[in-house]
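Q: No letters, just coordinates:
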């Protein structure tokens, strides 16, 4: 993996769910870089932080987290992995969190605009917020097929429609994914996540050529935050849902374990393709 | 119910699912109007056509349907009730259907643009296509509360966000519904339908004040076709999903059995409100 140089400042990882935070920590350490992880109760997989210096916290405890990151000498921060967005009522905000919420207003709350506000706040505290794609450059989706198969004419039409829908949904700051089969939009993604969306597609699919999963980044979203991601599980779930392939935005999404994704796609007979999306 | 006058031409009802086609047929007959129904295999509830002259057909058999409607002396046609959109592969088109598909192109297929193309085609055959809201005027959602309860400040914020999302989704020609809780878009609707969308919200809901279901019509959609609708089932399903209320577009949606909806909403403690949406 390509990572920052050994002279880079200590990296703080705000760890969401899944394996990404652990991969990132291992890669940064492998490149000789100091790492400190913040794990969130109910979101972070404990396995992801095992073996790395870390703090367990809850979302509402911004004061504790910021103080600790400063004490650890963290210079750069990165968001890694999905989090289930909390409501204001779930937060039990500490003093610093409450001040932050008062400043951004509760209307922005629950919106992905929230992530941008958090990033700005952390930069105001003296941290540099960097994107995952700047640290793990090999994760960024390339243009063209990943694996052996490529989309046929019908699949290309479905991909074009899926890009239109996923981008439109992203512009509304709702989600990043859609499933299209023979021109019919079977499903669009909100907070349930891609795997849950795929799970319901099996029951919605029409006969004939299967559909495609399309994921694009939100056009207005800061590239350092919340890039859409797929992995080998996504390929298996897409196959189980009767889909023929997956299209993700080249340069605007992440493929976790690209070799594994290619192998799984080849084994199951799916295409996985990076598509250029005009921004 | 308000219906057309007894001197109106015979009404052909293209019957989708649910109780709406039967209600429409009964109301038209009650007003002394001749009725002929077209039921679609796998879509129309047999109970809806019982007692009315009708033809069972499949979607791909446009030739048979059009010939029969002419022979029955039908002058006006109305689409009533939802249909599961078929793919080209499922259609097995007869000669007239195939000509139609060749003319509109398979790219429009599966899209709601399809409905508009079908309406144009039927008008080309000499029928007048009318909207359900022109025949059953009492079904059209009024502005303001239906029932006793009204949305509070948080619910009004959620409704505003829901209108934005549902309209945006409609402009993409995808769906007409969204569920928003405390600013978080829990779910957006594609082909699964409102009841299936509500069913998954229970597992996605956050603690605290419950969410709202919002349904608006697609901005570009012909008002005669596919207006969003709610009924007593929608109220019960929204309650089961932990929602606090339902907002539907005033003048741009249908409430089936308004008195029943009001009573059920009052009983379960939900608001149901017609909201004005700038077009």
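A: Received, thanks. What you see is a predicted model; the values in this text were computed from it and never measured.

Q: use CA for all of it now, contacts and neighbours both
A: OK.

Q: Which stretches in the stretch 51-200 of chain A count as strands?
A: A:54-57, A:74-80, A:128-130, A:144-145, A:177-181, A:184-188 (DSSP state E, counting those that start in this stretch).

Q: Out of these, which one sits most buried?
A: strand A:177-181 (a mean of 29; mean count of other CA atoms under 10 Å in any protein chain shown).

Q: what sits up against that strand?
A: With CA atoms under 8 Å, 6 or more residues apart in numbering or on different chains as the test, strand A:177-181 has contacts from A:158-159, A:161-162, A:165-166, A:185-189, A:194, A:198, A:201, A:205-206, A:209-216.

Q: what about 6 Å?
A: For strand A:177-181, contacts defined as CA atoms under 6 Å, 6 or more residues apart in numbering or on different chains pick out A:158, A:162, A:166, A:185-189, A:210-215.

Q: repeat for stretch A:12-22
A: If you take CA under 6 Å, 6+ apart as the criterion, stretch A:12-22 is touched by A:35-39, A:43-45, A:48, A:74, A:77-83.

Q: Repeat that for stretch A:255-263.
A: Residues outside stretch A:255-263 that contact it (CA under 6 Å, 6+ apart): A:139, A:141, A:146, A:147, A:229, A:230, A:231, A:232.

Q: So which residues of the stretch 151-279 of chain A form helices?
A: Counting by DSSP state H, counting those that start in this stretch, the stretch 151-279 of chain A has helices at residues A:153-171, A:194-201, A:232-240, A:258-268.

Q: Just name whatever secondary elements the longest one is in contact with.
A: Right, the one you point to is helix A:153-171. Helix A:153-171 makes packing contacts with strand A:177-181 when contacts are defined by 3 or more CA pairs under 6 Å, 6 or more residues apart in numbering or on different chains; DSSP states H and E.

Q: Name the strands paired with the strand it packs on and say parallel or antiparallel.
A: Using DSSP bridges, the strands paired with strand A:177-181 in its sheet are strand A:184-188 (antiparallel), strand A:212-215 (antiparallel).

Q: Quick check: which of the helices of the stretch 151-279 of chain A is buried the most?
A: helix A:153-171 (a mean of 22).

Q: and residue A:113, how many neighbours does it have?
A: Neighbours of residue A:113 under the rule other CA atoms under 10 Å in any protein chain shown: 16.

Q: where in chain A is pLDDT low?
A: The model of chain A has pLDDT under 70 over residues A:1-6, A:87-90, A:105-112.

Q: That one - how does it break down into domains?
A: Using automatic domain parsing, the domain parsing of chain A gives A:11-135, A:140-275.

Q: Deepest-packed of the ones you listed, please.
A: Comparing the domains of chain A by mean neighbour count (mean count of other CA under 10 Å), domain A:140-275 comes out on top with a mean of 22.

Q: In a markdown table: the strands of the stretch 51-200 of chain A, plus distance to residue B:66.
A: Listed next are the strands of the stretch 51-200 of chain A as a markdown table, based on distance: least, CA to CA, whole Å:
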| stretch | distance to residue B:66 |
| --- | --- |
| strand A:54-57 | 67 |
| strand A:74-80 | 58 |
| strand A:128-130 | 63 |
| strand A:144-145 | 47 |
| strand A:177-181 | 29 |
| strand A:184-188 | 26 |
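
Q: so which of those strands comes closest to residue A:272?
A: Closest to residue A:272 of those, according to CA to CA: strand A:144-145, at 5.9 Å.

Q: Run me through the strand neighbours of the closest one, direction for each.
A: If you go by DSSP bridges, strand A:144-145 pairs up with strand A:271-275 (antiparallel).

Q: Tell me which residue of the stretch 151-279 of chain A lies closest to chain B.
A: residue A:184 (4.7 Å; CA to the nearest CA).

Q: how far away is that residue from residue B:258?
A: 32 Å (CA to CA, to the nearest Å).

Q: Could you do residue A:84 as well?
A: Using CA to CA, one gets 37 Å for the distance from residue A:84 to residue B:258.

Q: And for residue A:115?
A: Distance from residue A:115 to residue B:258, by CA to CA: 42 Å.

Q: now do residue A:220
A: 41 Å.

Q: Kindly reformat the helices of the stretch 151-279 of chain A as a markdown table and extend each row with distance to residue B:153.
A: As requested, these are exported to a markdown table (distance: least, CA to CA, whole Å):
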| stretch | distance to residue B:153 |
| --- | --- |
| helix A:153-171 | 26 |
| helix A:194-201 | 31 |
| helix A:232-240 | 39 |
| helix A:258-268 | 47 |
